[in-house]
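[1] Sequence and predicted structure below; questions after.
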Amino acid sequence: MLIYILFLMFLSGGLSFTMNRKHLLLMLLSLEFIILSLYLNIFMYLSMINYESFFSMIFLTMSVCEGVLGLSILVLMVRVHGNDYIMTFSNLW
């Protein structure tokens, strides 16, 4: 039952990512929600097979690095352009 809830969390994060393409902050939050659901899924899987949680700590470290890089890009865009609307950045796409 818990696996279905985690799969539903992943799908709702993916749906949120595809629907909220206007603001970069909302896209980053939905990506972090996807990462959180993947982390919980990995943690539950590793605890079910009685395996060490070393890989989950590596995954958590990489996801924190990804979040920091996303926030630094957000701060850079706000400083340069004044907002975080993605559709107004004609030079990025």
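    Done, it's in. Numbering: from 1, shown residues only.
[2] Distance of Asn20 relative to Ile73?
    16 Å (C-beta to C-beta, to the nearest Å). Quick note: C-beta positions are derived from backbone N, CA and C, even for glycine.
[3] Which of the three states applies to Asn50?
    Per DSSP: H, G, I helix; E, B strand; the rest coil, the secondary structure class of Asn50 is coil.
[4] how many neighbours does it have?
    By the criterion of other C-beta atoms under 10 Å, Asn50 has 6 neighbours.
[5] Test for you: state the pLDDT assigned to it.
    Looking at Asn50, its pLDDT is 84.
[6] ok, now Ser30?
    Reported pLDDT for Ser30: 92.
[7] circling back: in terms of neighbours, single out the busier of Asn20 and Ile73.
    Per other C-beta under 10 Å, whichever of Asn20 and Ile73 has more neighbours is Asn20, with 16 against 13.
[8] how far away is the closest residue to the more buried one other than its chain neighbours from Met1?
    Leaving aside its chain neighbours, Asn20 sits nearest to Leu26 (4.0 Å; criterion: C-beta to C-beta, 6 or more residues apart in numbering). The gap separating Leu26 from Met1 is 29 Å, by C-beta to C-beta.
[9] one step back: may I see the buried residues of the host helix or strand of the residue nearest to Asn20?
    Using DSSP states H and E, Leu26 falls within helix 24-48. For helix 24-48, a neighbour-count test (16 or more other C-beta atoms under 10 Å) marks 24, 26-38, 40-43 as buried.
[10] And that helix, what does it pack against?
    helix 2-19, helix 54-81 (3 or more C-beta pairs under 8 Å, 6 or more residues apart in numbering; DSSP states H and E).
[11] average pLDDT for the last one?
    Put plainly, it is helix 54-81. 87.
[12] Likewise for stretch 6-21?
    For stretch 6-21, mean pLDDT rounds to 89.
[13] All set, thanks.
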